[in-house]
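[1] give me a 3D structure for the following:
(chains A and B, ligands or ions: 1)
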Amino acid sequence: MSAQVQILFKNSTKKNSHTLKVHKEGGGYKQVEKAFGLSTEDIIDEVKRSGIRGRGGAGFPAGLKWSFIPKDNSRDKYLVCNADEGEPGTCKDRDIIRYVPHQLIEGMIIAAYAVGAERGYIYIRGEFVREAEILQKAIDEAYKEGYLGENILDKGIRFDLAIHRGAGAYVCGEETGLLESLEGKKGQPRVKPPFPANIGLWGGPTVINNVETLAAVPAIIEKGGEWYGKLGVEKSSGTKLFSISGHVNKPGNYEVELGIPMKTLIEEYAGGVRGGWDNLKGIIPGGASSAILPKEVCETVTMDYDAIAKAGSMLGSGAVVVIDKSVCIVKAVERLSRFYRHESCGQCTPCREGTGWMSQIMTRIEAGGGVEGDIELLGSICGNISGKTICALGDAAVGPIAGSIKAFREEYLYHVEHGRCMVG
Amino acid sequence: MSEMQEDTNTERPQFSADALKQVDEIFSRYPKERRASALMPVLHLAQSEFGGWLSRQTLDYVAEVVGVAPIRCYEVATFYTMYNLKPVGKYHVQVCTNISCWLCDSETIVSSLEEKLQAKVGSTTSDNRFTLSAVECLGACINAPMMQVNDDYFENLTADRVAEIIDRLP
Ligand code: FES
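    This is a model prediction of the structure:
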C-alpha cells in the first residue's frame, strides 16, 4: 500500500487528538498567526491556487466561493460550517469532529478572517450528540486560549463561533435549507439567485463550507496553495476522505490523494471486496445520490471529480458504497427511493410528488407487482424531476434510479417479468 | 405529516431554573435581534426536560419563551424528525436501515430487536421502557450495522451484541 500524504488525518490517531494541547503540539493554531500576517486577498488567492473543491458534495472551488463575498457590503458577514452529514454512506466529517475538532476550528478562524466574518456557526446534524459535545469542549478551549472571541491573539480580530444542532432533516445539508434552519425555520431551500454570498444568513453575505473543506485550510496556509494543488490530479487537487462501507473487508474512512484508481482504493485500503473482486456487482462512488457504477466501470475509473462524472456518476461526498453479487439492485434502489420520499421537503411539486410516485413504483416492482411500462414510467418521472426543482434533492432522488436502470436494466426487466429478483 | 398531540396532564409546562439558565445561554449564541434562531435548540431542551416528547402545550410554551408565534413553533416541530410529537419510551432505540447498514444486514438487527423487546418497529413496549424505530442513515456507515439508543451510538452490531446492550441498560 503506497503511503499517502495525510492532511486531514495527520494527527487523528494521536492519543487525545481532540484536545487543544495535542493539536498545538502538532503545530496547531500556528497558521492562525501566519494568516493574520497576510492580507485577506492573499489568503483567498492561496486557497484559489490550491484548487480545493467543496468536499460536501457539489465540488465548487472553495477559493472562488470566498471571493464572491462582496467587500463593499455593510451588512454583517457570516461563516457557516456544514456538518449536517446526512448523505447515506457518508461519515467522514464525524471523524474530523471527533478526532481533530481544533483543525476545523483553526480552518474556520482563517476562513472567517479572509472573508470578513465576525460570527460563525457549525451546523451539526442533531443525532451527533456526542460529537457536538466534543466540539463544544474544543470551542470552549479555543475561547479560553484566545483563539476565539473579540480580540484574537491581541490582533484586534474578532470571531465568535457557536454550534447549531439540526434535528433530523436531510434537506438541511443543502446550504440554503441549512440557513433557513439556522434562522429557526423549516429547512426548505431558497430560490437562487440570490446566492448566500450576497444574501445569506439573516440577509448578510455568507460563506458555507463543508467540515472537510475547512479542515484542510490550515495546511494550505502552512504549505501553500501550490503545494496543495500538486497533490491529486488536475482539476481534482488535494487529498480526500473516502468513507468506504458495504461489502468490503475493512470498511473505514481513508484519506488518499484524489485521482487514485477506484480499484486500488477498494483492494489496497478497504481490504478488498467481500469474497474477492470478482464478487463485485457495483459501487456507489459518492453517496446515495450518485449513480451506481457497474463492475466493468469500477475496474478502470479513477476517484476524481471529472473521471467519475465522465463515467456517468458523481464524486459527491466521497461515500463509497460497495455492493457485491448477492444483492438485488432493484431492492437496494427501492430502499433508497423510500429515503428520498421521506426527505423531500415538500416545497416543489415535481420532487414532492415525484419521489412518492417513484418509491411506490419501485416498491411495486420489488414486491412482484411490476407491470409492463413501469421502467419507462420511472424514466419519465425522473425526467420530470431532474432540473425542475429549487434544490438538488430532486436530482439526488433521480440519481440512483436513473443510474441503476441504465447499468442494470436486465435486473429490472427480470423483476417485472418474473415478479421476483434475479439473485436469490 | 406528523400530528400534534395534547398532553393529558393539564399543568402548564415550566422550565426549571437550571433549564432557564440554559435558555439564556442558547440566546447568547445569536445576535439579540435574531432570537428566533433559538427555536430549534430550545425545542431540543424542552424535549429532554419534559419527558422526551413535545406536546401541543409544550410547543405553545416554547413559542412563548422564544418569542415567536405558536404556528412557527408547530411548523418547525413537525418538520424535523427528531422532535417527538407523541410520548416515547424511556429508551428510544433507533436502528439505521439505510443503504450501508442494510447491506450489512440491518434486517437481522431489526428483527432481533423486535423479538428481544417484544415490540414492532414504530411501537412502544407496554411498560413504556422502549420505543423501537427504523431510521435513515445516522452517519456511521463504516461501522454498519448500527443503532442509536437515546443519545448514544452503538456500532458494528450483531444480534448477540444487541441483546447484550439492551440487557445492560439501567
Ligand atoms: S447507512 Fe446506516 S449509518 Fe449510514
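[2] part of a strand, is residue A:151?
    Yes - assessed with DSSP: H, G, I helix; E, B strand; the rest coil, residue A:151 lies in a strand.
[3] could you check how far the closest residue to it other than its chain neighbours is from residue A:150?
    Residue nearest to residue A:151 in three dimensions, not counting chain neighbours: residue A:158, with 6.9 Å by CB to CB, 6 or more residues apart in numbering or on different chains. C-beta: built from backbone N, CA, C; applies to glycine. For residue A:158, the distance to residue A:150 equals 5 Å [CB to CB, to the nearest Å].
[4] the ligand contacts on the stretch 1-150 of chain A?
    When proximity is defined as CB under 6 Å from any ligand atom, the stretch 1-150 of chain A approaches the ligand at residue A:88.
[5] in the stretch 1-150 of chain A, which residue sits closest to the ligand?
    Evaluated by CB to the nearest ligand atom, the stretch 1-150 of chain A has residue A:88 as its residue closest to the ligand, separated by 5.2 Å.
[6] could you give the mean pLDDT of stretch B:11-19?
    Average pLDDT, stretch B:11-19: 93.
[7] that one: end-to-end distance?
    End-to-end distance for stretch B:11-19, by CA to CA, to the nearest Å: 18 Å.
[8] give me the buried positions along that stretch.
    B:13, B:15, B:19 (16 or more other CB atoms under 10 Å in any protein chain shown).
[9] which one's more surrounded, residue A:158 and residue A:150?
    A direct count of neighbours by other CB atoms under 10 Å in any protein chain shown for residue A:158 and residue A:150 places residue A:158 higher, at 15 against 10.
[10] doesn't the more buried one belong to a strand?
    Yes - judged by three-state DSSP, residue A:158 forms part of a strand.
[11] can you name the residues that contact the residue of the stretch 1-150 of chain A closest to the ligand?
    Shown in contact with residue A:88 (CB atoms under 8 Å, 6 or more residues apart in numbering or on different chains): A:287, A:288, A:319, A:321, A:336, A:339, B:98, B:99, B:100, B:136, B:137, B:141.
[12] in three-state terms, how would it be classified?
    Following three-state DSSP, the label given to residue A:88 is coil.
[13] tell me where the model's unsure across the chain.
    All of this is about chain A. Chain A contains residues with pLDDT under 70 at A:1-3, A:424.
[14] chain B is the one I meant
    Applying pLDDT under 70 to chain B picks out residues B:1-2.
[15] write out the residues of it neighbouring the ligand.
    Selection of chain B residues close to the ligand by CB under 6 Å from any ligand atom yields B:96, B:98, B:99, B:100, B:101, B:137, B:138, B:139, B:140, B:141, B:144, B:146.
[16] residue B:136 versus the fourth one, what's the distance?
    Applying CB to CB, the value for residue B:100 to residue B:136 is 11 Å.
[17] more neighbours: these two, which one.
    For residue B:100 versus residue B:136, the count of surrounding residues by other CB under 10 Å is larger for residue B:100: 32 against 22.
[18] close enough to count as contact, residue A:91 and residue B:144?
    No - using CB atoms under 8 Å, residue A:91 is not in contact with residue B:144; the gap is 9.5 Å.
[19] so what sits against both of these two?
    Common contacts of residue A:91 and residue B:144 (CB under 8 Å, 6+ apart): residue A:245.
[20] what does the stretch 151-300 of chain A put close to chain B?
    Within the stretch 151-300 of chain A, the positions near chain B by CB under 8 Å from any CB of the partner chain are A:162-170, A:181-187, A:202, A:243-247, A:251-253, A:284, A:288.
[21] go again using 7 Å as the cut-off
    Residues of the stretch 151-300 of chain A lying near chain B by CB under 7 Å from any CB of the partner chain: A:162, A:165, A:167-169, A:181-187, A:202, A:243-247, A:251-253, A:288.
[22] which of these fall in helices?
    A:181, A:182 (DSSP state H).
[23] and residue A:422, what are its phi and psi?
    Dihedral angles of residue A:422 (phi, psi; degrees, to the nearest 10) stand at phi -70, psi -30.
[24] what's the neighbour count on the closest residue to it other than its chain neighbours?
    For residue A:422, ignoring the flanking residues on the chain, the nearest one in space by CB to CB, 6+ apart is residue A:414 at 4.5 Å. By the criterion of other CB under 10 Å, residue A:414 has 17 neighbours.
[25] tell me the spacing between residue A:414 and chain B.
    As judged by CB to the nearest CB, to the nearest Å, residue A:414 and chain B stand 21 Å apart.
[26] quick revisit: out of the residues of chain B next to the ligand, list just those in helices.
    Counting by DSSP H, the residues of chain B next to the ligand place B:99, B:100, B:101 in helices.
[27] nearest to residue B:41 among those?
    For these, the closest approach to residue B:41 (CB to CB) belongs to residue B:101, at 28.4 Å.
[28] and the residue nearest to residue A:14 when sequence neighbours are not counted, what does it touch?
    Nearest non-adjacent residue to residue A:14, counting by CB to CB, 6+ apart: residue A:22, 5.5 Å away. With contact taken as CB atoms under 7 Å, 6 or more residues apart in numbering or on different chains, residue A:22 is in contact with A:11, A:14, A:16.
[29] perfect, I'm done here.
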